[in-house]
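> Mind looking at a prediction? Sequence and model below.
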Amino acid sequence: MYKVKLLNNISPSARTILTDDRYELSETVEHPDALFVRASDLHKYPFEKNLLCIGRAGIGVNTIPLDECAEKGIVVFNTPGGNANGVKELFLFALAMASREILPAMEWVKTYDGSQGPIEQRMEKVKKQYAGPEFAGKTLGVIGAGNVGSRVANIALACNMKVYAYDPYLSADAAWAISRHVFRVSDLRDIFRYSDYITIHTPLTDETRNMIDDKAIALMKNGVRIINYARGEVVNEDAMIKGLNDGKVARYVADFPTKRLIETKNTVLTPHLGGTTFESESNCARMAAKEMDDYLTNGNIRNSVNLPDVQLERSGASRICIIHRNLPGMLANMMPLFARDGINIENMTNKSRGSYAYSVFDVNTDVPEKAIQELNALDGVIRVRVL
Ligand SMILES: NC(=O)c1ccc[n+]([C@@H]2O[C@H](COP(=O)([O-])OP(=O)(O)OC[C@H]3O[C@@H](n4cnc5c(N)ncnc54)[C@H](O)[C@@H]3O)[C@@H](O)[C@H]2O)c1
Ligand SMILES: O=C(O)[C@H](O)COP(=O)(O)O
């Protein structure tokens, strides 16, 4: 029985994978084998020695100390694409909110007291103050063209926008997903210079933090409209507030409210709702559950963000899974222990990612406890599991 601790509100669809007969799932379980998390910040989380993996039901992993986890032999998974459609649909709302005076107009309707006549007549007079531009025919700059950015770019084309996209690290899969009518931009400054609307869909990294700063805003068109469903910190708050107050930025639509932004004019803020649809929550929970289940049961790693992806069809009597440093001679040091104890390898794989590597051996015998201990004690070995 594996124990999984739920740190956030995780869709119950996870339970169709992590079933009661093999998993204990709860918010209070002690000494868990796995953590199931959404956007909770784990940077100060006290990881226990027996923790094997973390399933992030969602894509952003800026809240998880990935290196520390790798160093402790904890595999972190996320769920690429699981909530991308949810964000794409909210982006359509963002485009409308970035353009039209919908919120003040709704507020007028809600608070109209009838003193100037029936609302049906009065509204025809006041509505002109709520006019705004259409986005058809305008230019949208998309920064980050992965699962969300590619969908956003394509739907903006369908709205008759001209679409530019900037993504220096675009994967081949994402490139296939983007319409050939999207213009590829290789200099981020061109997105700033030529866009009427800018939308950000990058992860939060050292490189993207404060990507939209004073210098970036200075390059932009007057009256630019900026949409941020990525992370608050990719936009420098001081620069954005200044841009909004000066009128350089006409509207900032973002999923990451702060007190200062709430108090600034021309912001439209939602409480981190991008991936909060029934479907996205269910997709992400099921994906993360499958990833954790395959790792806990078979040692396979798919969609990890800190250790190499490794999948091996099972064969043999036992499987030895070893997380270790990516150093020369690691396998050579393990092999004598296998040979000494008559452990014959039927199939194996070894993959690396940065400073870490993962080796899986399917062997034809049970593995003696002594061999496991000695493998664990080898220099550079981080964690050994036998399944
Ligand atoms: N508001 C929400 O609820 C919500 C929901 C989903 C995702 N997000 C955020 O949006 C981000 C993107 O999500 P996704 O599913 O498209 O992720 P993804 O990994 O599929 O795509 C991210 C893309 O950004 C690109 N990128 C990385 N660094 C870049 C840089 N410096 N400049 C330009 N492009 C860069 C990558 O190459 C990749 O193609 C997530 O990391 C998360 O922070 C927020
Ligand atoms: O990174 C993500 O996937 C989104 O920000 C959604 O996060 P959430 O699962 O906490 O809503």
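That came through fine. Ligands and ions are numbered 1, 2, ... in the order given.
> Thr267 and Leu261 touch, don't they?
Yes. In this structure Thr267 lies within contact range of Leu261 using CB atoms under 8 Å: 5.1 Å. Glycine gets a C-beta too; all of them are placed from N, C-alpha and C.
> any common contacting residues for those two?
Common neighbours of Thr267 and Leu261, using CB atoms under 8 Å, 6 or more residues apart in numbering, are 252, 254.
> Can you pull out the residues in contact with the helix or strand hosting Cys321?
Applying DSSP states H and E as the criterion places Cys321 in strand 318-325. The contact list for strand 318-325 (CB under 8 Å, 6+ apart) reads 70, 73, 75, 298-299, 307, 330, 334, 343, 355-363, 365-367, 372, 375, 378, 380-387.
> Give the partner strands of it in its sheet and their orientations.
strand 356-363 (antiparallel), strand 381-386 (antiparallel) (DSSP bridges).
> Quick check: which of those is buried the most?
strand 356-363 (a mean of 22; mean count of other CB atoms under 10 Å).
> From the rest of the structure, what touches the next helix or strand after that one?
Counting by DSSP H and E, the next helix or strand C-terminal to strand 356-363 is helix 369-377. The list of residues contacting helix 369-377 from outside it, by CB under 8 Å, 6+ apart, reads 320, 322, 334, 337-338, 340-341, 343, 381, 383-384, 386.
> Pick the one among the residues you listed closest to ligand 1.
Arg383 (26.7 Å; CB to the nearest ligand atom).
> What ranges does this protein have for its helices?
Using DSSP state H, the helices found in the chain span residues 66-71, 84-99, 102-111, 119-126, 147-158, 172-177, 188-194, 214-219, 237-246, 259-262, 278-298, 330-340, 369-377.
> counting contacts, what elements does the first one pack onto?
Contacts defined by 3 or more CB pairs under 8 Å, 6 or more residues apart in numbering; DSSP states H and E place helix 66-71 against strand 75-77.
> Return the residues of the stretch 151-300 of the chain in contact with ligand 2.
272, 274-276 (CB under 6 Å from any ligand atom).
> how near is the spatially closest residue to Asp33 that is not a sequence neighbour to Val381?
Nearest non-adjacent residue to Asp33, counting by CB to CB, 6 or more residues apart in numbering: Tyr2, 4.6 Å away. Relative to Val381, Tyr2 is positioned 23 Å away (CB to CB, to the nearest Å).
> Count the neighbours of the residue lying closest to Trp108 once chain neighbours are set aside for me.
The shortest distance from Trp108 to any non-neighbouring residue, by CB to CB, 6+ apart, is to Val126 (6.5 Å). By the measure other CB atoms under 10 Å, the count of residues near Val126 is 14.
> can you redo the helices of the chain as CSV with distance to Pro12 and mean pLDDT?
Converted to CSV, these look like this (distance: least, CB to CB, whole Å; pLDDT from 0 to 100):
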stretch, distance to Pro12, mean pLDDT
helix 66-71, 26, 97
helix 84-99, 18, 97
helix 102-111, 34, 96
helix 119-126, 43, 96
helix 147-158, 24, 98
helix 172-177, 30, 93
helix 188-194, 40, 98
helix 214-219, 42, 98
helix 237-246, 36, 98
helix 259-262, 33, 98
helix 278-298, 8, 98
helix 330-340, 41, 94
helix 369-377, 36, 95
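> Quick one: closest of these to Arg15.
Nearest to Arg15 among the helices of the chain is helix 278-298; the distance by CB to CB comes to 8.0 Å.
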